[in-house]
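Student: Return atomic coordinates for the entry below.
(chains A, B, C and D)
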2 protein chains.
Amino acid sequence: MICHTAQEVTMTITPKEYQCPMMQFVNLISGKWSIPIVYRLIIIDEPVRFGELLKHLAPVTQKELTKHLRAFEEKGLVQRTVYAEIPPRVEYEITALGKTLKQPLAGLAVWMEQHAAYLLHK
Amino acid sequence: MICHTAQEVTMTITPKEYQCPMMQFVNLISGKWSIPIVYRLIIIDEPVRFGELLKHLAPVTQKELTKHLRAFEEKGLVQRTVYAEIPPRVEYEITALGKTLKQPLAGLAVWMEQHAAYLLHK
DNA sequence: CTGGATCCTTCTGGATACTG
DNA sequence: CAGTATCCAGAAGGATCCAG
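Tutor: Now for the predicted structure:
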């Protein structure tokens, strides 16, 4: 893929060796609800139980939330802590690495808030 | 859904009336390749033929590119121009509204470039 | 020859019921 | 309560076919 860096530096690289950052991003944070889930964990910014997180992320189903959280854990974006209690308790918390996404994602959120009124009524 | 604005102002709103900006965003820019496609059109910043755009967006298939471009056109993010020529020529260009996404998306791209080396080798 | 429409297969995501 | 398994609709990939 012919691509440019975020700074728009023109590069001549063979498609096989290089990936547009956006391609890498959607490959890393893949799936319909990835961005809202990560952003929510960033805003909460403390350990949350699975059930509570699920309530916050309204239309997201249990299956999808579980799947995404496990994927994020594997990538080091989220920390998962299991407590050996009855009833079971599992808490999720954004990691330092995950928090580095706060500003970029907040930028998206601000954009959406600014243009929501116009875009959602077309 | 219980949610906060990008500025993290705590709000008490009934779930039915409010949507987290991120939820709105993934609802608007939906689909696996939406973000890379929009970002590419922003970087190119001039009319591009379909075939050339397709080459730039390497793993994206013709069908998906067509579908997304039509959706963006409907939302006012992209302008589509058909020339009655032989062979046929169709050009796509980012609109002024679409360009407002440049900074937010560039933020994501920068983040990805900074963390790609670490994240892609886990 | 280009853009894209169509058919078919594969995979992702939604709804629900069930287990430790 | 958290997570899994199952079933099913919809999204996305691959390969043609078509109009101009």
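
Student: Now do the residue of chain A found nearest DNA strand D: how many residues are near it, please.
Tutor: In chain A, the residue that lies nearest DNA strand D is A:Gly51 (2.4 Å; C-beta to the nearest atom of the strand). C-beta: built from backbone N, CA, C; applies to glycine. A:Gly51 has 11 neighbouring residues, counting by other C-beta atoms under 10 Å in any protein chain shown.

Student: pretty sure it belongs to a helix, no?
Tutor: Yes - note on A:Gly51: a helix contains this position according to DSSP: H, G, I helix; E, B strand; the rest coil.

Student: any idea how far it lies from A:Pro87?
Tutor: Relative to A:Pro87, A:Gly51 is positioned 10 Å away (criterion: C-beta to C-beta, to the nearest Å).

Student: mind checking which helix or strand the residue lying closest to A:Leu105 once chain neighbours are set aside is in?
Tutor: Computed as C-beta to C-beta, 6 or more residues apart in numbering or on different chains, the closest residue to A:Leu105 that is not its neighbour in sequence is A:Tyr39, at 4.8 Å. Per DSSP states H and E: A:Tyr39 is located in helix A:34-44.

Student: between that helix and helix B:34-44, how big is the angle?
Tutor: 90 degrees (axes from the mean of the first three to the mean of the last three C-alpha atoms, to 10 degrees).

Student: in chain A, which ranges drop under the pLDDT threshold?
Tutor: Residues of chain A meeting the criterion pLDDT under 70: A:1-18, A:122.

Student: by contact count, what packs against whichever strand or helix holds A:Val26?
Tutor: Applying DSSP H and E as the criterion places A:Val26 in helix A:21-28. Helices and strands touching helix A:21-28, by 3 or more C-beta pairs under 8 Å, 6 or more residues apart in numbering or on different chains; DSSP states H and E, are helix B:34-44, helix B:102-119.

Student: Out of the ones you listed, which gets nearest to DNA strand C?
Tutor: When the helices and strands packed on helix A:21-28 are compared (using C-beta to the nearest atom of the strand), the closest one is helix B:34-44, at 12.5 Å.

Student: Any residues of chain A in contact with DNA strand C? List them.
Tutor: Where chain A comes near DNA strand C, counting by C-beta under 7 Å from any atom of the strand, the residues are A:30-33, A:59-64, A:67, A:87-88.

Student: and A:Gln19, how many residues sit next to it?
Tutor: For A:Gln19, the count of nearby residues is 20 (other C-beta under 10 Å).

Student: swap in A:Trp33?
Tutor: 19.

Student: how close does A:Glu73 get to A:Val38?
Tutor: Taking C-beta to C-beta, one finds A:Glu73 at 12 Å from A:Val38.

Student: who's more crowded, the two?
Tutor: A:Val38 (22 against 14).

Student: From what I see, the more buried one and A:Ile29 are in contact.
Tutor: Yes - at 6.8 Å, A:Val38 counts as touching A:Ile29 under the criterion of C-beta atoms under 8 Å.

Student: Okay, the residue of chain A closest to DNA strand D and B:Phe25: tell me how far apart.
Tutor: Using C-beta to C-beta, A:Gly51 is found at 25 Å from B:Phe25.

Student: And for A:His68?
Tutor: 16 Å.

Student: of the two, who's got more company?
Tutor: Just comparing A:His68 and B:Phe25: by other C-beta under 10 Å the higher neighbour count belongs to B:Phe25, 25 against 22.
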